[in-house]
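Trainee: show me the folded form of this:
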Amino acid sequence: MPRKASDKEVANNLKNLPASWLKKTLTAESSWNDKDDFLDAIYWLRQVLSLVFGILWGFLLVQGFIGLVTFLLTNCFLVYLYTTTFQNVDEEDYGGMVEILKEGMMSSFATFLVSWIIVYSAKLESIDLPV
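Mentor: Numbers count the residues shown, from 1 in each chain. Predicted structure coming up:
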């Protein structure tokens, strides 16, 4: 019968979790023991990328369909590169590349849209346009 972890051991493991998880995420070809840990890394990578791209697109005053398509293509391409070249994982362990690319897509798209709209609107307000 497995030994039950004490409260102190659980607290120490939780305290070290963000640092160890981040280290594993930023280390090339890490060993992912739990499938969900890698998918969590993909989710948070997408969130960071979408926030950065939203701010960048807003400052560059990118508009319309071009902004949406370039975000989606760039985001998927970077996640694909991270998965295949940096982490070098077998995508079949995670249900195929489509499943990996779908992980966190809609929530990152929402983050992108909100940050893009806010920065774009603020940038337009700061520019004196002739009437």
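Trainee: check which element follows the helix or strand of the chain at the bottom of the mean pLDDT ranking along the chain.
Mentor: Least confident element among the helices and strands of the chain, by mean pLDDT, DSSP states H and E: helix 7-26 (a mean of 63). Sequence-wise, the next helix or strand downstream of helix 7-26 (DSSP states H and E) is helix 35-59.
Trainee: return the set of buried residues in the helix or strand following that next one.
Mentor: The first helix or strand that comes after helix 35-59 along the chain, using DSSP H and E, is helix 64-81. Neighbour counts using 16 or more other C-beta atoms under 10 Å place G67, L68, F71, N75, C76, V79 of helix 64-81 among the buried residues. For every residue, glycine as well, the C-beta is placed using N, CA and C.
Trainee: make TSV out of the residues you listed and add distance to L101 and pLDDT.
Mentor: Converted to TSV, the buried residues of helix 64-81 look like this (distance: C-beta to C-beta, whole Å; pLDDT from 0 to 100):
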residue	distance to L101	pLDDT
G67	20	96
L68	16	96
F71	14	97
N75	9	95
C76	5	94
V79	6	93
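Trainee: with distance to W57 added, can I get these in JSON lines?
Mentor: Shown next, in JSON lines, are these (distance: C-beta to C-beta, whole Å):
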{"residue": "G67", "distance to W57": "5"}
{"residue": "L68", "distance to W57": "9"}
{"residue": "F71", "distance to W57": "7"}
{"residue": "N75", "distance to W57": "12"}
{"residue": "C76", "distance to W57": "16"}
{"residue": "V79", "distance to W57": "18"}
